[in-house]
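Participant: only geometry, no sequence info:
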């Protein structure tokens with residue numbers, strides 16, 4: 001992963017790009033589903049656009065685009 005911050009997306013930018021909640025991006029980063037780096041003294045996450053878009057593909061196991069089925073009782 002390149003280290004130039006101008007090419008990197010924040011958690012919020014990544015979430016808007018693929019239409020998920022920012023907490024989802026944070027969770028994926030923490031469990032290493034999404035490759036990212038921590039920058040600055042606060043340890044803010046940054047991601048490449050390519051890595052974020054990989055998660056939006058239908059064949060990735062993130063459950064994006066899958067509709068929840070109603071529970072049968």
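Facilitator: Here it is on my side, so go on. These figures come from a predicted structure and were not determined experimentally.
Participant: Start from the N-terminal end of this structure and give the strands.
Facilitator: 8-9, 37-39, 44-48 (DSSP state E).
Participant: I'd say residue 12 and residue 23 touch.
Facilitator: No: using Cβ atoms under 8 Å, residue 12 is not in contact with residue 23; the gap is 10.9 Å. Just so you know, the C-beta spots here come from the backbone N, C-alpha and C atoms, and that holds for glycine as well.
Participant: Let's check: the centremost residue of this protein is which one?
Facilitator: residue 25 (3.7 Å; Cα atoms, centre = their mean).
Participant: who touches it in this structure?
Facilitator: 11, 14, 15, 34, 45, 47, 52 (Cβ atoms under 8 Å, 6 or more residues apart in numbering).
Participant: Most neighbours out of those, which is it?
Facilitator: Counting neighbours by other Cβ atoms under 10 Å, the top entry in those is residue 14, with 28 neighbours.
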